[in-house]
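Student: got a structure for you, letters missing:
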């Protein structure tokens with residue numbers, strides 16, 4: 001029981017790290033871009049009487065930047081809580097996230113997803129987060145060109161497998177990955193912690209320049225509630 005309590009606290013420490021990461025991404029992208037736009041507007045005010053053509057071009061550029069920032073913020077909101085998860089269920093939410101990743105990173109994702117909508121709400125959301133981390137890690141950090149995703153319901157267990165053809169990981173460091181010591185593999189540490197919290201098992205098979213396969217088994221315990 002004591003070990004379970006430690007695991008519970010550790011999970012929320014990871015949650016806080018996740019929030020910090022999102023906050024950092026917003027600061028490094030949207031907020032900095034908005035600050036730059038303010039400077040552009042101030043500069044345009046200086047030329048409004050002497051060079052209206054230059055001001056017009058600046059305003060067109062500002063308009064394009066604002067549209068891109070709005071899309072970035074929409075993507076962040078989608079990442080936090082996709083509306084499709086509430087409206088259409090887990091499978092559709094994952095498929096929409098697959099479409100998002102494919103379009104953003106020009107990557108091919110093949111998938112097979114069993115229906116898991118009978119699961120408890122928090123467990124479904126936890127599985128969604130795990131899939132999210134796996135796909136983002138392969139697309140953004142592993143520089144993969146192709147990903148294969150399998151989510152299979154074996155009744156007693158839920159099997160989740162993600163295989164990519166990316167740059168891979170040095171096999172010697174897989175078992176010691178953690179967010180405090182290795183920010184480069186932060187996503188993998190989050191995956192391992194989420195799976196551990198669901199009392200599952202996570203096996204990462206990888207070698208440098210040979211791609212990565214993440215195999216996850218989550219026990220299907222009906223009536224058990226999980227936090228996200």
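Tutor: Right, received. Where do you want to start? Bear in mind the structure is a predicted one, so any value in this text is a computation, not a measurement. Numbers count the residues shown, from 1 in each chain.
Student: all contacts plus neighbour counts: C-alpha atoms, from now on.
Tutor: Will do.
Student: ok, which stretches of the chain are helices?
Tutor: Taking DSSP state H, the helices of the chain run over residues 2-26, 32-47, 52-80, 83-87, 90-105, 121-136, 186-197.
Student: just checking, what packs against the third one?
Tutor: When contacts are defined as 3 or more CA pairs under 8 Å, 6 or more residues apart in numbering; DSSP states H and E, helix 52-80 packs onto helix 32-47.
Student: elements contacting the helix it packs on?
Tutor: By 3+ CA pairs under 8 Å, 6+ apart, helix 32-47 packs against helix 52-80.
Student: for the helix it packs on, what is the distance to the chain centroid?
Tutor: 23 Å (CA atoms, centre = their mean, to the nearest Å).
Student: model confidence over that helix, on average?
Tutor: Here helix 52-80 scores 83 as its mean pLDDT.
Student: what's the answer for stretch 164-175, then?
Tutor: 79.
Student: where does pLDDT dip in the chain?
Tutor: For the chain, applying pLDDT under 70 flags the ranges 1-21, 24-25, 27-28, 77-86, 172-186, 222-228.
Student: look up phi and psi at the residue lying farthest from the centre of the chain.
Tutor: In the chain, counting by CA atoms, centre = their mean, residue 50 sits farthest out from the average C-alpha position, at 47.6 Å. Torsion angles at residue 50 (phi, psi; degrees, to the nearest 10) stand at phi -90, psi -30.
Student: okay, the helices of the chain in TSV with distance to residue 163 and mean neighbour count next?
Tutor: Output for those, formatted as TSV (distance: least, CA to CA, whole Å; neighbours: other CA atoms under 10 Å):
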stretch	distance to residue 163	mean neighbour count
helix 2-26	23	13
helix 32-47	35	14
helix 52-80	22	14
helix 83-87	24	14
helix 90-105	14	18
helix 121-136	9	20
helix 186-197	13	21
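Student: distance to residue 155 for these - can I get that in TSV?
Tutor: Output for the helices of the chain, formatted as TSV (distance: least, CA to CA, whole Å):
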stretch	distance to residue 155
helix 2-26	24
helix 32-47	48
helix 52-80	28
helix 83-87	22
helix 90-105	17
helix 121-136	15
helix 186-197	17
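Student: which ones are touching residue 132?
Tutor: Applying CA atoms under 8 Å, 6 or more residues apart in numbering, we find residue 132 in contact with 94, 97.
Student: how close does it get to residue 55?
Tutor: 42 Å (CA to CA, to the nearest Å).
Student: hang on, the earlier thing: quick one, which of the helices of the chain is nearest to residue 170?
Tutor: helix 186-197 (13.2 Å; CA to CA).
Student: show me the contact partners of stretch 206-222.
Tutor: With CA under 8 Å, 6+ apart as the test, stretch 206-222 has contacts from 119-120, 134, 142, 144, 155-171, 195, 198-205.
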